[in-house]
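Q: One predicted model, sequence on top.
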Amino acid sequence: MFHALLLEKNAEGQVSHSITSLSEDQLPEGNVTMAVQYSTLNYKDGLVVNGLGGLVRQYPHVPGIDFVGTVESTETDAVSVGDAMILTGWRVGEMHWGGYSQKARVDADWLVPVPDGLTPQQTMAIGTAGLTSMLGIMALEDQGITPDSGPILVMGAAGGVGSVACALLSKAGFEVHGSSGRPETAEYLKSLGVSEIIPRDELAEPNGKPLNKERWAGAIDAVGGASLASVLTQIKYGGSVAAIGLAGGSNLDTTVIPFLLRGVSLLGIDSVMCPREKRIRAWNRIAKDIDTARLDDITSLTTLADVPKLGSDILKGQVKGRVVVDVNQG
């Protein structure tokens, strides 16, 4: 028997949660059984735990889109018992039971090895948020953007995605500007290497002009909506924006003028179904580039019992940095 955060839905459509004892025969299908060590908290986890977004189709359900652990048993030669492996994405925690549990059963193809230089806890401090940030940074670099190109704006800089993006960009030598709606996070953002802080309201109020003064060579955007529309008008000639989130809304009211007159690129970043080899490349790059001391500074540790409250907090923009969930404590 093992413990898991279990979601159940009643006849009225209300979703409830509880820490429940389960047996291995209740786990879903898969060819690898994992002993989970840590999970983490992402915006999508907040949606799932609160029964929002229509992401879960079948209940009861175990949420948690990320986890790290060791292989306990396997029906394939792709992994071996005792291997330390990470899982992010692949609809785990949505369509398939996830990591808010002491055990998980998954497909071996969804797993990637813990890279040298990172502890299991640190991989979850990075999690989907950090992996997506690195995929966004790699996409900007593939467009030819370098530290010499100019400053990079990180939108939603104090959140999980933004925090890791700021730390990675700063370590890579970029001048980092951060947008945030929380003035109290100014010192925190500076500790991540942010040299200029842009109030969120400044970006969330478009002035109606199809082009504005060129300010940034690129941007990592976890916000979307009006802020993204505003930033597109301020990207330098030939610059790019990596779109990786929609905390500020999914609509995009803009014009094609930045794309036509400045050659701006809008790059869509998906970490859920990202090919395995690209994931491994990104994780190895993170292990090489991340300042682990800085990562530890922006990370807090919690337990399964705290996840429901934190899931509500993250939807309100009240979670700073990264939250790691120790599924074997509390």
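A: Noted; the coordinates are in hand.

Q: Can you give me the domain boundaries for the chain?
A: The chain breaks down by automatic domain parsing into domains covering 2-114+298-326, 127-268.

Q: quick one: average pLDDT of the first one?
A: pLDDT averaged over domain 2-114+298-326 equals 96, rounded to a whole number.

Q: next one: it to chain centre, how far?
A: 14 Å (Cα atoms, centre = their mean, to the nearest Å).

Q: Also the last one?
A: Once both centres are worked out by Cα atoms, centre = their mean, domain 127-268 turns out to sit 15 Å from its chain's centre.

Q: about what we covered before: out of the domains of the chain, nearest to Arg279?
A: Arg279 sits nearest to domain 2-114+298-326 of all the domains of the chain, at 5.2 Å, using Cβ to Cβ. All C-beta atoms are positioned from the backbone trio N, CA, C, and that covers glycine.

Q: Could you tell me the end-to-end distance of that closest one?
A: The first and final residues of domain 2-114+298-326 sit 14 Å from each other (Cα to Cα, to the nearest Å).

Q: Same question for stretch 309-329.
A: OK, stretch 309-329 end separation, Cα to Cα: 17 Å.

Q: can you check stretch 256-271 too?
A: 26 Å.

Q: what does stretch 271-278 give?
A: 10 Å.

Q: Okay, Ala139 and Ser250: tell me how far apart.
A: According to Cβ to Cβ, to the nearest Å, Ala139 and Ser250 sit 20 Å apart.

Q: An error on my part: the question was meant for Thr119.
A: 36 Å.

Q: Looking at the two, which is more packed in?
A: Thr119 (15 against 7; other Cβ atoms under 10 Å).

Q: Give me the spatial nearest neighbour of the residue positioned nearest the centre of the chain, chain neighbours excluded.
A: Centroid check for the chain by Cα atoms, centre = their mean gives Ala129 as the closest residue, at 1.7 Å. Spatial nearest neighbour of Ala129, excluding adjacent residues (Cβ to Cβ, 6 or more residues apart in numbering): Gly160 at 3.8 Å.

Q: Tally up the residues packed near the one you found, please.
A: 30.

Q: hmm, back to that, and of the domains of the chain, who's closest to Ile280?
A: Short answer: domain 2-114+298-326, nearest of these by Cβ to Cβ, at 5.3 Å.

Q: picking that back up, quick one: closest of the domains of the chain to Asp291.
A: Of those, nearest to Asp291 by Cβ to Cβ is domain 127-268, at 5.3 Å.

Q: What's the mean pLDDT across that closest one?
A: For domain 127-268, mean pLDDT is 94.

Q: circling back to that earlier point, with distance to Arg276 added, can I get the domains of the chain in a markdown table?
A: Below are the domains of the chain laid out as a markdown table (distance: least, Cβ to Cβ, whole Å):
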| stretch | distance to Arg276 |
| --- | --- |
| domain 2-114+298-326 | 6 |
| domain 127-268 | 12 |
